[in-house]
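Colleague: quick one: sequence and predicted model below, then my questions.
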Amino acid sequence: MIRLKDIAQHAGVSVMTVSKALRDEPDISGRTKAKIRQLADQFGYVPNTAARSLRLRSTKFFGLVIPAITNPIYARVVMAIEEQAHALGYEIILAHSLNNPEREEECIRRLLSRRVDGLFIHPVYRRETNARIYDDLLRRGTPTVLLGHRAAFCSRFINVETDDLNASKAVTRHLLELGHRRIACFAGQVFAPTAQERFEGYRRALREAGIEVEDKLMFNAGGTIEEGAKAALQMIDEGVRATAIQCVNDLVAIGAATTFMQQGVRIPQDLSIVGFGNILSAEHFRVPLTTVRQPKFRQGIAAMESMLKLLGGQPIESKRLPAEIIVRDSTGPAPKPDVK
């Protein structure tokens, strides 16, 4: 393995000069820097990050914990964080919680053992009001930014979230403006703040229109394509009549829409369907999906901005980013009632 000492011998300078040149210190001439960098490239020199971390008391690593990279909602958030980290000379260590609290704790502890400089976490939401690992992070003082809404167990952390409540209200109003009055809700986990906000937006928009929420129009649809399909089958089996469905996310909407179309239901002529999140497949679905565009890349940038302030000891507040409705082909005017 090539060492600084080897480069110094070939360059005819001291090891300290080589070290400074590779760090681009101002007291080394440009000509010397160019010569040393050329030798470093020629010999394939790779810095010893472990030694550098001990010297600077910084690993230049960030930990990033998300449920799963296979969920497209996280792709652009991760990309934004990684791009910002790379530009700042940091590396990202990615871990998947798989929406399991025990695995989430294990992932966080492994990252802490790697002495990461900070953590980005999309929390695994649970019913409990306390979570040991989050209490430990507070005691340790580990710089931590939450990607998404806070719940009781993580309420004391800085976070970056989207304004799901007003975005959800806008979706329901869109359906109301199209003449829909029987709007079903395929909701997510009852203890997840995102699902709570999206349901609350739906509820408020209906009440402002003088329409009460009907329990039989409410379905627990989780958050996956499979769960969306299951909720659609339940709605069909129960004979619930609705002219539109507002789904907790795009995956649920795609699963539900696919199931209804397999049953001969036309979208949007017979049934309008709305998602949330604007994942790539929403635009390219068989019937392009009306949905909510979340500023996912901006969320990643905002999260890194918050992290840098935490590392610098600067005053900081949580951020709430606006989202906007994107109208596509999956929504249309409410069908006229059959006249007999």
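Modeller: Structure received. Quick caveat: nothing in here was measured; it's all calculated off a predicted structure.
Colleague: now Ile326: phi and psi?
Modeller: Note on Ile326: backbone dihedrals following degrees, to the nearest 10 are phi -120, psi 110.
Colleague: that one is in contact with Thr291, isn't it?
Modeller: Yes. The pair Ile326 and Thr291 passes the contact test of Cβ atoms under 8 Å, sitting 5.6 Å apart. Placement of C-beta: from N, CA and C, glycine included.
Colleague: would you mind telling me which of the two has the busier surroundings?
Modeller: Ranked by neighbour count (other Cβ atoms under 10 Å), Ile326 and Thr291 place Thr291 first, with 29 against 16.
Colleague: surely that one and Phe276 touch.
Modeller: Yes. Taking contact to mean Cβ under 8 Å, the distance of 6.0 Å between Thr291 and Phe276 places them in contact.
Colleague: mind checking the SS state of Gln170?
Modeller: Just to correct that, residue 170 is Ala rather than Gln. Classification of Ala170 into helix, strand or coil gives helix, according to DSSP: H, G, I helix; E, B strand; the rest coil.
Colleague: which residues pair with the closest residue in space to it that isn't next to it in sequence across the strands?
Modeller: Among residues not flanking Ala170 along the chain, Ile325 sits closest, at 4.8 Å (Cβ to Cβ, 6 or more residues apart in numbering). With DSSP bridges as the criterion, the beta-bridge partners of Ile325 are Val292.
Colleague: confidence score at Ile325?
Modeller: In the prediction, the pLDDT value recorded for Ile325 is 97.
Colleague: which ones are touching it?
Modeller: Residues counted as contacts of Ile325 (Cβ atoms under 8 Å, 6 or more residues apart in numbering) are 167, 170-171, 174, 290-293.
Colleague: and which of those is nearest Ser281?
Modeller: Checking the contacts of Ile325 against Ser281 with Cβ to Cβ, the nearest one is Thr291 at 10.5 Å.
Colleague: what is the neighbour count of the residue nearest to the closest one when sequence neighbours are not counted?
Modeller: Distances taken as Cβ to Cβ, 6+ apart place Gly275 nearest to Thr291, at 4.1 Å, with adjacent residues excluded. Residues within reach of Gly275, counting by other Cβ under 10 Å, total 31.
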